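Student: Test case, fold it:
(one chain, ligands or ions: 1)
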Amino acid sequence: MPRAAKIPIRKNPILRTRQPTLPPASRSRVALGLTAAAARGRFELQVCRDCGAVQYPPREVCRDCLSHRLAWRQQDGRGELVTETTLRSAQELYFRERLPWRVGIVRLNAGVNVIAHLHERVGTAPCRVRVEVALDRAGQAALIAVPEQGRPHLSDDPRLREMTCDPRGRKILVTDGKSVVGQAIVRALAAAGAEVIWIGEAEPWKKVAGLEALRELPPATVVPLDVTDGKSVRELAGEIGAKVDILINTADHHSAFSIASRRGVETAQSEMDVNYLGLLRLAQEFAPLLKARAADEPANAIAWVNLLSIFALANYPPHGTYSASKAAAYSLSQALRAELRPAGVCVINLFPGPVDDEWDQLEMPPKLSPVSLASAVAEALKGSVEDVYPGDVAQDWLARHLDNPKALERELEEGAR
Ligand SMILES: [Zn+2]
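Tutor: Residues are numbered from 1 along each chain as shown. Sure thing, here's the model as predicted:
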């Protein structure tokens, strides 16, 4: 059994406050390929299409044959830690605050040497390890060596825990607790050890099943929150905004609505009001508060999670206006990510396919269960990713999108007829 991470103690206001610093963030354009894969939780290196040589560090041409035909391919990361050192001084302010720091050189089975941060459970060199990739606080790929056997969590190591957004011991706002997905997420966070969960409830006079039962969970408190009402968002931010470590936006308005199926724009307006403007209202009120508390480690603001949709990547015509509102929210989330990054607060986006809820009743299976979606949220926080595509439909859709976005658009057109 992995040792559970300790619950972070609250900040002592008398002690010195650590100023926000980030690990060095500049990378060459080609090295961003490593980060792009890490954002999806994959360790990829370039492989030469002509001679098969694996490349590290990322480069423009093959180290063996000078071919420029290099393709990013997933790696299993297995290898041997050949040598290691413990840094006791550092030029970088970020690492200076965190010394001593263990790093080592790993000879991957794939034939290249990489420099990696060492998990505290890695024994002394030489020993077998597995290299994983994580996003550091600057949002860039960092290589971490963990023991080859077992699957230790990054959050088991106090120094590497910063690369995760582990919900254990955290204070979390879930913006809509009336949906089945929102409720499943609250349960998953409670099971993951959240200290406090505020559950947003819009229109409290409309009773829904399930919310009453959530009030029984020890960390849960139901609070009034209507993301379509600027005043409601502002009031809640004033009340709890300075305590929220993780904000999870589950507010979602969804109608199966193709362009020609209904007259007028009222339904589309409601979708935009919740899915896009709702995110904007939350971001305007809560993002500055999260930023201000990002360096109050270990009880700091760490993450913002958006529940988007795979329909944000390419429009699904039977849900045409909903897709458009999610595309708008996706675009806005990128701006939010850019604004929160300098403080070290992660923005995590989830792109599920059709969910087995009220709105996707007419969609053909397979559909993602709310419980699976909720566990994907908890896993995303415990890991180190920023884009999550939970379920087979989302994975398939993503693969087709990455392969050929125009082909996917045409296939969706066909499917809509
Ligand atoms: Zn080559």
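
Student: Just say helix, strand or coil for N349.
Tutor: Under DSSP: H, G, I helix; E, B strand; the rest coil, N349 falls in the strand class.

Student: hey, what's it bridged with?
Tutor: In this entry, N349 is beta-bridged to N306, D387, by DSSP bridges.

Student: That one: how many residues sit nearby?
Tutor: Neighbour count of N349, defined by other C-beta atoms under 10 Å: 23. Where C-beta positions appear, they are placed from N, C-alpha and C, glycine not excepted.

Student: Enumerate every residue touching it.
Tutor: Shown in contact with N349 (C-beta atoms under 8 Å, 6 or more residues apart in numbering): V305, N306, L308, Y330, S333, E386, D387, V388.

Student: and what of V133?
Tutor: Counting by C-beta under 8 Å, 6+ apart, V133 touches L34, A37, A38, R42, F43, G77, A141, A142, L143, I144.

Student: Among those, pick out the one closest to the ion, please.
Tutor: The shortest approach to the ion among the contacts of V133 belongs to L34, at 18.5 Å (C-beta to the ion).

Student: wouldn't the closest one be in contact with E44 here?
Tutor: Yes. Proximity of L34 to E44 meets the contact threshold set by C-beta atoms under 8 Å, at 6.9 Å.

Student: And the two? Which one has more around it.
Tutor: L34 (24 against 19).

Student: Tell me how far that one lies from A251.
Tutor: Separation of L34 from A251 (C-beta to C-beta, to the nearest Å): 34 Å.

Student: Name the residues that touch stretch 78-90?
Tutor: Taking C-beta under 8 Å, 6+ apart as the rule, stretch 78-90 contacts 95-96, 99-110, 113-114, 118, 122, 124-131, 145, 148.

Student: 6 Å instead, please
Tutor: With C-beta atoms under 6 Å, 6 or more residues apart in numbering as the test, stretch 78-90 has contacts from 96, 99-102, 104-109, 125-130, 145.

Student: And those, which of them are buried?
Tutor: Buried members of the contacts of stretch 78-90, scored by 16 or more other C-beta atoms under 10 Å, are R102, G104, I105, V106, R107, L108, A125, R128, V129, R130, A145.

Student: and E414, that's in a helix?
Tutor: Yes. E414 forms part of a helix when assessed by three-state DSSP.

Student: And it, how far from the ion?
Tutor: 39 Å (C-beta to the ion, to the nearest Å).

Student: Ok, Q140 next?
Tutor: Per C-beta to the ion, Q140 is found 26 Å from the ion.

Student: Number of residues surrounding that residue?
Tutor: Using other C-beta under 10 Å, Q140 has 20 neighbouring residues.

Student: Dump the contacts of N349 into JSON lines; add distance to the ion as well.
Tutor: Output for these, formatted as JSON lines (distance: C-beta to the ion, whole Å):
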{"residue": "V305", "distance to the ion": "41"}
{"residue": "N306", "distance to the ion": "40"}
{"residue": "L308", "distance to the ion": "38"}
{"residue": "Y330", "distance to the ion": "37"}
{"residue": "S333", "distance to the ion": "38"}
{"residue": "E386", "distance to the ion": "31"}
{"residue": "D387", "distance to the ion": "30"}
{"residue": "V388", "distance to the ion": "33"}
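
Student: need the strands for the stretch 101-250 of the chain, in chain order.
Tutor: Listed in chain order, the strands of the stretch 101-250 of the chain (DSSP state E, counting those that start in this stretch) span 101-108, 113-118, 127-135, 141-147, 171-174, 196-201, 220-224, 246-249.

Student: okay, these in a markdown table with mean pLDDT next?
Tutor: Below are the strands of the stretch 101-250 of the chain laid out as a markdown table (pLDDT from 0 to 100):
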| stretch | mean pLDDT |
| --- | --- |
| strand 101-108 | 94 |
| strand 113-118 | 95 |
| strand 127-135 | 94 |
| strand 141-147 | 93 |
| strand 171-174 | 97 |
| strand 196-201 | 96 |
| strand 220-224 | 95 |
| strand 246-249 | 98 |
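
Student: Tell me which of these lies nearest to E239.
Tutor: When the strands of the stretch 101-250 of the chain are compared by C-beta to C-beta, strand 220-224 sits nearest E239, at 7.6 Å.

Student: Tally up the residues packed near P218, please.
Tutor: 9.

Student: how about the nearest residue to it, chain neighbours excluded?
Tutor: A190 (7.6 Å; C-beta to C-beta, 6 or more residues apart in numbering).

Student: residues in contact with the closest residue to the ion within the stretch 101-250 of the chain?
Tutor: Per C-beta to the ion, G111 is where the stretch 101-250 of the chain lies closest to the ion, at 11.9 Å. Counting by C-beta under 6 Å, 6+ apart, G111 makes contact with V54.

Student: which among the contacts of N349 gets closest to E413?
Tutor: Closest to E413 out of the contacts of N349 is Y330 (20.5 Å), distances taken as C-beta to C-beta.

Student: Would you mind measuring from that closest one to L108?
Tutor: Separation of Y330 from L108 (C-beta to C-beta): 35 Å.

Student: what do you get for Q75?
Tutor: Look at Q75 and L108: by C-beta to C-beta, they are 7 Å apart.

Student: do P126 as well
Tutor: Here the distance between P126 and L108 works out to 14 Å (C-beta to C-beta).
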